[in-house]
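**Q** okay, here's the prediction I keep looking at, along with the sequence it came from:
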Amino acid sequence: MKRPKDPAFDFKTAAITKGEITQVVTANGNLTPVIDVQVGSQVSGIITNILVDFNSRVKLGDMLAQIDASTYEFALNQNKADLANAQAALELAQINAKRAEELYKNALISKSDYDTTIAALHQAEATVTTRQAQVEKAKVDLQRCTIYSPINGIVIDRAVTVGQTVAASFNTPKLFEIANDLSKMEIDAMVSEADVGGVEEGHPVTFTVDAFPTRQFHGAIKQVRYAPTTNQNVVTYTAVVAVNNDDLKLRPGMTANASIITAQHRDALKIPNAALRFRPPDNAILKPPTNSPPARGGSTGNATNATASAALSGDPPTPPWVAEGRQPNGVEEVRKWMDTLTPEQREAARRQFRERGGGGRGPGGDGGSASGRGFRGSSETVSRQEGPVTRTIYVLAQTRLPTGKEIEMAKPVTVKVGITDGSYTEVIDGLKEGDEVIAGVNLPVAATASAQAPQGSSPFGRGGPRGR
């Protein structure tokens, strides 16, 4: 039986440096004026005159358009005539009431005849009041035939032309759209529910628009609205960004690709995110000394790699979170650890899990525990900490194999991390500037071939399954 070759790994390292880290939240939205008024018509008719066009600057009270007023002039004249008729009837009722009062005092008419005369007087007075209201309404309708500007601003849309008929029977038709001041604009940025917790009023914002792809514009969060928007089961919240547009380069409706700066630290220790994602093969991790007898040629005082002996015996190696005395960083870390095991080790790990009361199929399988409960004293639950997050990274460490050969292996180190910009993450504690961390590994051909060995064969070159 040939003994497998000593493992050798070509690690990729990166240095811890200092620099600026800016954490951003990305969102998209459209530019809109701060005050945007749609001017409509409350009366129906034919447009006879338009005095403004697109981009026209108007002031409060300026005339914008004229609607044919013939119908409303006729209605006003008719209501005036009805009012005059009602006033004449009121004069007659007043005379009759005065005469009836004298006759009633002299007992020449009955009480009922007198009451009837007084009631007719009150009816005539009410009729005059009604006719007066109709006249006032006709005047208002006639005035509404002239469309005036409600604000100072710029006409950004004109929806009608001369000769067009507008109908205001049910809905107010839109004639013009006026923006108050295009030097001050807003972005209604849609922020996902996963990111909205870090967005607050006053946060600076940088954004670009397709019209000026090389120019970066600036703004600030003005408001984060509580009302959610759901589109295809995706929940977003509107963050209003105040934008200064003094040069009028930005136009309403432009799509803005915004980056909301939620945190920014200068002179922060930076670690590449690849180092945080890196998980070395299990036989490349430097393990702490165990209570097992030392290997031939080895020493109990030196740290040894227990993975090879674990693989030969078929027992799963100690999970990294157990060796470091911490809880696993969620289900993903447990699953990645399970993926590094041989089929025999994976089955043994699940068997240990079931024997220790874990139930189900164990970590990495359906019904498994995210914390790896049942694995050699690992914690039963995973608690999510507030504040800095604890992560495990790997640094290079020299170790001596049972053969006496010294090689470089991956030593786990626990660090506290802060904000991230997507490429680098801030290190709060656990490392110092200049430290080298492992960001990747080039597996030798032999190790790659053994990792792809079919189930039932040994990755260590043995002639058959364990026990043969």
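**A** Perfect, I can see it now.
**Q** mind listing the helices for the stretch 51-200 of the chain?
**A** 70-105, 111-143 (DSSP state H, counting those that start in this stretch).
**Q** how about these in TSV, adding mean neighbour count, mean pLDDT and distance to Val389?
**A** Glycine gets a C-beta too; all of them are placed from N, C-alpha and C. Output for the helices of the stretch 51-200 of the chain, formatted as TSV (neighbours: other C-beta atoms under 10 Å; pLDDT from 0 to 100; distance: least, C-beta to C-beta, whole Å):
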stretch	mean neighbour count	mean pLDDT	distance to Val389
helix 70-105	15	92	71
helix 111-143	15	93	66
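**Q** a markdown table for the ones you listed, including distance to Asp435?
**A** Listed next are the helices of the stretch 51-200 of the chain as a markdown table, based on distance: least, C-beta to C-beta, whole Å:
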| stretch | distance to Asp435 |
| --- | --- |
| helix 70-105 | 84 |
| helix 111-143 | 80 |
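**Q** show me what contacts Ile118?
**A** With contact set as C-beta atoms under 8 Å, 6 or more residues apart in numbering, Ile118 has these partners: Ala97, Ala100.
**Q** would you mind measuring from it to Arg131?
**A** Distance, Ile118 to Arg131, by C-beta to C-beta, to the nearest Å: 21 Å.
**Q** any regions of the stretch 301-450 of the chain where pLDDT drops low?
**A** For the stretch 301-450 of the chain, residues meeting the criterion pLDDT under 70 lie at 301-316, 322-327, 330, 344, 351-387, 443-450.
**Q** what's the neighbour count on Glu20?
**A** For Glu20, the count of nearby residues is 12 (other C-beta atoms under 10 Å).
**Q** my guess is it meets Ala263, correct?
**A** No - counting by C-beta atoms under 8 Å, Glu20 stays clear of Ala263, with 11.2 Å between them.
**Q** next up, the contacts around the closest residue in space to Asn96 that isn't next to it in sequence.
**A** In space, Asn96 comes closest to Thr117 once its chain neighbours are excluded; the distance is 5.3 Å by C-beta to C-beta, 6 or more residues apart in numbering. Thr117 makes contacts with Ala93, Asn96, Ala97, Ala100, as judged by C-beta under 8 Å, 6+ apart.
**Q** OK, contacts around the last one?
**A** So that's Ala100. Ile109, Asp113, Tyr114, Thr117, Ile118.
**Q** with Asp113 as the reference, measure out to it.
**A** 7 Å.
**Q** ditto for the third one
**A** Distance, Ala97 to Asp113, using C-beta to C-beta: 11 Å.
**Q** ok, the residue nearest to Glu101 when sequence neighbours are not counted - contacts?
**A** Distance criterion C-beta to C-beta, 6+ apart; nearest residue to Glu101, sequence neighbours excluded, is Tyr114 at 7.1 Å. Listed by C-beta under 8 Å, 6+ apart, the contact partners of Tyr114 are Ala100, Glu101, Leu103, Tyr104.
**Q** turn the residues you listed into a markdown table, including distance to Arg400.
**A** Listed next are those as a markdown table, based on distance: C-beta to C-beta, whole Å:
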| residue | distance to Arg400 |
| --- | --- |
| Ala100 | 131 |
| Glu101 | 130 |
| Leu103 | 136 |
| Tyr104 | 133 |
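**Q** now the two most distant members of those.
**A** Glu101 and Leu103 (7.4 Å; C-beta to C-beta).
**Q** beta-bridge partners for the nearest residue to Asp36 once chain neighbours are set aside, please?
**A** Spatial nearest neighbour of Asp36, chain neighbours left out: Ala179 (5.5 Å); criterion: C-beta to C-beta, 6+ apart. Beta-bridge partners of Ala179, counted by DSSP bridges, are Asp36, Ile154.
**Q** wait, Ala179 touches Ile154, no?
**A** Yes - at 5.4 Å, Ala179 counts as touching Ile154 under the criterion of C-beta under 8 Å.
**Q** how close does the residue lying closest to Asn442 once chain neighbours are set aside sit to Thr22?
**A** Closest residue to Asn442 apart from its sequence neighbours, by C-beta to C-beta, 6+ apart: Asp10 at 4.0 Å. Counting by C-beta to C-beta, the gap from Asp10 to Thr22 is 33 Å.
**Q** ok, Arg225 next?
**A** 25 Å.
**Q** and Asp10 and Thr22? Which one has more around it.
**A** For Asp10 and Thr22, the more surrounded residue by other C-beta under 10 Å is Thr22, and the numbers stand at 19 against 10.
**Q** need the contact list for the more buried one.
**A** By C-beta under 8 Å, 6+ apart, the neighbours of Thr22 are Ile261, Ala263, Gln264, Asp421.
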